[in-house]
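Asker: Need coordinates for the following:
(one chain, ligands or ions: 3)
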Amino acid sequence: YVIPGQRVVEGHQNYIMAYNMITGIRVAVSRCSWLPSPVKEEDFSNVTKLIFDMEGNSLTPGTKYEFKFKDYAPEVFRRLRTKFGIDQADYLLSLTEKVSLNELGSPGKSGSFFYYSRDYKFIIKTIHHSEHRQLRKVLKQYYEYVEKNPNTFISQFYGLHRLKMYTRKGIIKVHFIVMNNLFPPHRAMNLTYDLKGSTHGRRTDIEKAKAAGKTSIIAKDLNFLELKDKISLGPIKKKPIIEQIAKDVKLLQQLNIMDYSLLIGVHDLRKSQEEDPDNLMANFDPPPTRPPQPLSPPAELETEIPEPAQGNQNPSNPTSNPTQNTTPTPTFKQPHPQPTQQVQSQPTNQTTTSTNPCFIEPDGGIRATDANNEDQPLVYYMGIIDSLTNYSTFKRCETLLRCLKDKRETISAIPAFDYGERFYKFMDKIIVSKTKEELDQTKY
Ligand code: ATP
Ligand code: CA
Ligand code: CA
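Answerer: Ligands and ions are numbered 1, 2, ... in the order given. From the prediction side, this is the model:
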């Protein structure tokens, strides 16, 4: 099994950053209360500050490096994780046990870094200060929305944190979020689209990317249109899905957010069977994004993160020592072989959230259907990502500059309301069931 991204190992430039991030998460999350009390107004603005140093103190264990860590609205995110079906102990194990975060580098132009948790369930994304402010500002609305819309396609946020550390270049502050990975650990995406409903600059040179040996190619709107592709969902599935997208877009419009995308991974069941019809592991393909591996892979980072200091925790808190009496979550390095036909009906360890089995498969995927609502051999994994960009002064400038050159409808930076309208219309148009012929012609 090929692991996406580079392992973050000792000596890697971001090793210390990754190490501190997860040490901070581990200690902070362990300190969260466990009692199911109702959320309080002050929980939204609450910030926990932790200071880490070699000696340790009553709140934190001694650590290799000195840094400061802020956990924003910990009680709110704890409840959000529960709402999204994330078990506290599993969360800690995924993000911390024998740390092995995979750094993807920066797939977007924003300069953010992405790390996968060891079991590929969670993504840590470093974010801009303005995105951090945006999430804090709308957290209450987001929380209330998730309560009413457990099937939302908007990214599931599990934590918002800040790291402050000392480097040779001086003090740096790193804001980051933990969110769901839309793609399951054991299934390859044959094609991934990042769709905004705009056309300006929305083309990936697929041939060039392939020639350059890239294995994680993210196609965009123009590629989708040029390939004459569709998201094949019959009327029964389209209805709840497009209604949910409409609601999600409405929220984002109200929050003055734009520049988000619908990320869609397509898994072609014909392909996984074709490649190796006898292989029972056919559906346990390597994870979707597989950037080139380092020439000589360095040894995996297997660092024991120090346990939180004992004796200062709520003794009834079952998460205070998450590694005890807990079976480690299996990672995608040790998949359990299962017959292919069972894979369809069995929940995998994907962090699924959906409580509406009528349109979401157990592993978070949506099975394609035709006009008669019969299954087609494609599974979609989709969600609305990059949803923390406020239509701010910066974007206003960008709109002005770009409008001088390009037609307003074709560019991404338009006010949140227009952005949402265009986004929704595009999705409504492209979610159309494929005919048998169209399906046979599509090669993913
Ligand atoms: P930009 O602002 O330039 O678009 P960004 O740094 O804000 O970039 P995103 O748009 O959030 O980055 O994500 C970039 C890519 O990372 C996506 O196209 C997708 O391939 C991958 N990605 C982001 N979020 C997720 C997620 N939740 N699950 C799976 N893949 C993701
Ligand atoms: Ca983006
Ligand atoms: Ca972005």
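Asker: For the rest of this, base every contact and every neighbour count on C-alpha atoms.
Answerer: Noted.
Asker: Helices of the stretch 101-250 of the chain, residue ranges please.
Answerer: Taking DSSP state H, counting those that start in this stretch as the criterion, the stretch 101-250 of the chain contains helices spanning 129-148, 206-211, 221-226, 235-254.
Asker: nearest to residue 177, of those helices?
Answerer: Nearest to residue 177, of all those, is helix 129-148, at 8.5 Å by Cα to Cα.
Asker: For residue 384, give the beta-bridge partners.
Answerer: Counting by DSSP bridges, residue 384 is bridged to residue 154, residue 262.
Asker: Surely it touches residue 151?
Answerer: No - in this structure, residue 384 is not within contact of residue 151 by Cα atoms under 8 Å, at 11.8 Å.
Asker: Common neighbours of these two, please.
Answerer: Residues touching both residue 384 and residue 151 by Cα atoms under 8 Å, 6 or more residues apart in numbering: none at all.
Asker: re the thing from before, any idea which of the helices of the stretch 101-250 of the chain is most buried?
Answerer: helix 235-254 (a mean of 18; mean count of other Cα atoms under 10 Å).
Asker: how big is the angle separating that helix from helix 129-148?
Answerer: 130 degrees (axes from the mean of the first three to the mean of the last three Cα atoms, to 10 degrees).
Asker: average model confidence for helix 235-254?
Answerer: For helix 235-254, mean pLDDT rounds to 97.
Asker: With stretch 132-152 instead?
Answerer: Rounded mean pLDDT across stretch 132-152 is 96.
Asker: Just list the residues touching the closest residue to ligand 1 within the stretch 251-400 of the chain, thanks.
Answerer: Nearest residue of the stretch 251-400 of the chain to ligand 1: residue 386, at 4.0 Å (Cα to the nearest ligand atom). When contacts are counted by Cα under 8 Å, 6+ apart, residue 386 touches 155, 259, 260, 261.
Asker: any idea how far residue 374 is from it?
Answerer: 33 Å (Cα to Cα, to the nearest Å).
Asker: which residues touch residue 218?
Answerer: 191, 192, 193, 194, 204.
Asker: sorry, back to before: and the contacts of residue 386, which two are the farthest apart?
Answerer: The widest separation within those (Cα to Cα) is 13.7 Å, between 155 and 259.
Asker: and the two? which has more neighbours close in?
Answerer: residue 259 (22 against 17; other Cα atoms under 10 Å).
Asker: which residues do residue 155 and residue 259 both contact?
Answerer: 386, 387.
Asker: Any stretches of the stretch 301-444 of the chain with poor pLDDT?
Answerer: Applying pLDDT under 70 to the stretch 301-444 of the chain flags the ranges 301-360, 393-413.
Asker: need the residues of the stretch 151-300 of the chain near ligand 1, please.
Answerer: Residues of the stretch 151-300 of the chain that fall close to ligand 1, judged by Cα under 6 Å from any ligand atom: 180, 181, 182, 183, 194, 218.
Asker: who wins for most neighbours among those residues?
Answerer: Going by other Cα under 10 Å, residue 183 tops these with 29 neighbours.
Asker: Touching, that one and residue 379? I think so.
Answerer: No - look at residue 183 against residue 379 with Cα under 8 Å: they stay out of range, at 11.1 Å.
Asker: on that earlier part again, spatially, which two of the contacts of residue 218 are the most separated?
Answerer: 191 and 204 (12.3 Å).
Asker: out of the helices of the stretch 101-250 of the chain, which comes closest to residue 436?
Answerer: Of all those, helix 235-254 comes closest under Cα to Cα, at 15.9 Å.
Asker: and for the closest one, what are the contacting residues?
Answerer: Contacts for helix 235-254 (Cα under 8 Å, 6+ apart): 151-154, 258, 358-359, 369, 371-373, 387, 416-417, 420-421, 423-424, 427-428, 431, 433.
Asker: Just the buried ones from the residues you listed?
Answerer: 151-154, 258, 359, 369, 371, 387, 416-417, 420, 423-424, 427-428, 431, 433 (16 or more other Cα atoms under 10 Å).
Asker: Cool, thanks, signing off.
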